[in-house]
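Q: fold the following for me, if possible:
(one chain, ligands or ions: 2)
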Amino acid sequence: MINVAIIGASGYTGAQLVQLIHQHPGMQLAHTFVSQHSADAHQPIAALHGSYAHLPYQLQPLSDEWLVTLSEQMDIIFLATPHEASHDWMETLASGKAKVLDLSGAFRLQDTAVFAQYYGFAHTARSSLDKAVYGLAEWYPAEIRNAHIVAVPGCYPTASLTALKPLAEQTLLDPQVRPVINAVSGVSGAGRKASLTNSFCEVSLQAYGVLGHRHTPEIEAYLGTPVIFTPHLGNFKRGILATVTVKLAAGVTADQVSQAYVDAYAEKPLIRLRDRMPKVDDLANTPFADVHWTVDETAGYAVIGTAIDNVMKGAAAQAVQCANLMCNFSIQTGLTHS
Ligand SMILES: NC(=O)C1=CN([C@@H]2O[C@H](COP(=O)(O)OP(=O)(O)OC[C@H]3O[C@@H](n4cnc5c(N)ncnc54)[C@H](OP(=O)(O)O)[C@@H]3O)[C@@H](O)[C@H]2O)C=CC1
Ligand SMILES: CC(=O)N[C@@H](CCC(=O)OP(=O)(O)O)C(=O)O
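A: Ligands and ions are numbered 1, 2, ... in the order given. Model prediction:
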């Protein structure tokens, strides 16, 4: 059995990971941590998350000693923590035998100047950054298999890159026209901590982070081309719907576009090619990404719809996909029943 620890196990993505590792046939959950002075230390996870009331795990307070012990004793460590915490702990956690998968944004951007601009603090963990592999599971399986550190993608980049990479990889996009990504996220995307912006009476469908969201450089880095990305907050709990408009390269046909998606995803068990535009309720609480596209050959445009659950495929389930690759399980182990 693969021994696993989860740090940040009280949060939305951390608790989801607890549930996924609990049901995983090849992994056992040895430790579930919160921060050292957390108000939730020593609480059972069941007391915080009613949907996990059947799970037997208790939250332990983390310490510097534990960081070293975990790096030496665990096979896999998941960090479901804020960017700064992941950044500060990675060098120690990755110094032993344990492989580390970080759900935060701390190790996704290789350019530390861009990182400082979008994350608001300096990156000082260069050696870990050099080892980090981007965990977009359907696109970088070979790199992920051999990785010691995986930077699990953000939720919006997962939806956006899933829509765009099949076309970009086959050079079907017009290089002169930026893809336009409009995406709506449920409120769980902002994490469990209360804030005015995310409170029930305040949330109303609204764009935010316009022309400045930190996921723009992440999408551009792994797509290889600039984009216009506009996130929106929606008044629902879970899910992301990304609607992506692209200008196709001259002469590209609808059949070529369809073939690009079939080539990329027909053999991928967690990507579902749909015959209509996806909707979030079809996959909330599941590890799937649904994709559909429509092409106007005459005008040379395509509109692609992608839906994911932000906590699952956008974070915890994709992290488990990566861990499966690193531990030589099939990519969907513990995530699907068929
Ligand atoms: N929610 C989502 O849809 C997605 C989130 N992510 C990323 O995943 C990470 C976790 O997100 P999410 O689960 O939503 O966050 P939550 O706010 O729900 O949970 C954060 C967890 O980290 C712990 N934590 C908070 N501050 C610290 C600290 N300074 N040191 C150590 N532990 C700390 C919290 O417990 P405590 O404070 O009690 O210690 C809690 O367990 C974040 O980096 C987020 O950006 C990525 C993709 C999607
Ligand atoms: C609705 C909402 O607030 N979503 C978050 C993104 C969540 C995510 O993917 O997180 P990281 O890239 O931070 O890991 C946001 O826009 O900041």
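Q: not counting its neighbours along the chain, what's nearest the one residue in the stretch 1-150 of the chain that gets nearest to ligand 1?
A: Nearest residue of the stretch 1-150 of the chain to ligand 1 (Cβ to the nearest ligand atom) works out as residue 11 at 1.9 Å. C-betas here are computed from N, CA, C, even on glycine. Distance criterion Cβ to Cβ, 6 or more residues apart in numbering; nearest residue to residue 11, sequence neighbours excluded, is residue 192 at 5.1 Å.
Q: which residues does whichever residue of the stretch 1-150 of the chain sits closest to ligand 2 contact?
A: Residue of the stretch 1-150 of the chain nearest ligand 2, by Cβ to the nearest ligand atom: residue 105 (4.3 Å). Residues in contact with residue 105 (Cβ atoms under 8 Å, 6 or more residues apart in numbering) are 83, 119, 151, 154, 214, 218.
Q: got it, and residue 30?
A: Counting by Cβ under 8 Å, 6+ apart, residue 30 has contacts 3, 4, 5, 73, 74.
Q: before we move on, the earlier item: now the residue nearest to residue 11, what's its secondary structure?
A: coil (DSSP: H, G, I helix; E, B strand; the rest coil).
Q: hmm, back to that, what are the phi and psi values at the residue of the stretch 1-150 of the chain closest to ligand 1?
A: phi -80, psi -180 (degrees, to the nearest 10).
Q: that one against residue 80, yeah?
A: Yes: between residue 11 and residue 80 there is a contact under Cβ atoms under 8 Å: 5.6 Å.
Q: neighbour-wise, which of the two wins?
A: residue 80 (29 against 25; other Cβ atoms under 10 Å).
Q: so the more buried one versus residue 223, what's the distance?
A: 25 Å (Cβ to Cβ, to the nearest Å).
Q: returning to that earlier point: show the pLDDT at the residue of the stretch 1-150 of the chain closest to ligand 1.
A: Per-residue confidence at residue 11 stands at 98 (pLDDT).
Q: ditto for residue 133
A: 98.
Q: secondary structure class for it?
A: strand.
Q: contact partners for residue 132?
A: 102, 107, 108, 147, 149, 150, 151.
Q: widest-spaced pair of these?
A: 108 and 147 (13.2 Å; Cβ to Cβ).
Q: more neighbours, these two?
A: Higher neighbour count among residue 108 and residue 147: residue 108, with 26 against 21, using other Cβ under 10 Å.
Q: can you list phi and psi of the more buried one for me?
A: Dihedral angles (degrees, to the nearest 10) for residue 108: phi -90, psi -30.
Q: pull the number of nearby residues for the residue lying closest to it once chain neighbours are set aside.
A: Closest residue in space to residue 108, ignoring its immediate chain neighbours: residue 151 at 4.3 Å, by Cβ to Cβ, 6+ apart. Number of residues near residue 151 (other Cβ under 10 Å) recorded here: 28.
Q: ditto for residue 164
A: 24.
Q: any idea how far residue 219 is from residue 164?
A: For residue 219, the distance to residue 164 - Cβ to Cβ - is 8 Å.
Q: cool, and residue 132?
A: Residue 132 is 22 Å from residue 164, by Cβ to Cβ.
Q: who does the helix or strand hosting residue 159 touch, helix- and strand-wise?
A: Residue 159 belongs to helix 155-169 when assigned by DSSP states H and E. Identification of packing neighbours for helix 155-169 by 3 or more Cβ pairs under 8 Å, 6 or more residues apart in numbering; DSSP states H and E yields strand 180-185, helix 215-223, strand 228-233, strand 240-247, helix 254-265, strand 289-296, strand 301-308.
Q: what are the buried residues along it?
A: 155-168 (16 or more other Cβ atoms under 10 Å).
Q: how about stretch 127-137?
A: 128, 129, 131, 132, 133, 134, 135, 136, 137.
Q: list the residues that contact both of residue 219 and residue 164?
A: In contact with both residue 219 and residue 164: 181, 227, using Cβ under 8 Å, 6+ apart.
Q: picking up where we left off before, can you name the two of the buried residues of helix 155-169 that are farthest apart?
A: Between any two of the buried residues of helix 155-169 (Cβ to Cβ), the greatest distance is 20.8 Å, for 155 and 167.
Q: got JSON lines for the helices and strands packed on helix 155-169, with mean pLDDT too?
A: Rendered in JSON lines, the data for the helices and strands packed on helix 155-169 read as follows (pLDDT from 0 to 100):
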{"stretch": "strand 180-185", "mean pLDDT": "98"}
{"stretch": "helix 215-223", "mean pLDDT": "98"}
{"stretch": "strand 228-233", "mean pLDDT": "98"}
{"stretch": "strand 240-247", "mean pLDDT": "98"}
{"stretch": "helix 254-265", "mean pLDDT": "98"}
{"stretch": "strand 289-296", "mean pLDDT": "98"}
{"stretch": "strand 301-308", "mean pLDDT": "98"}
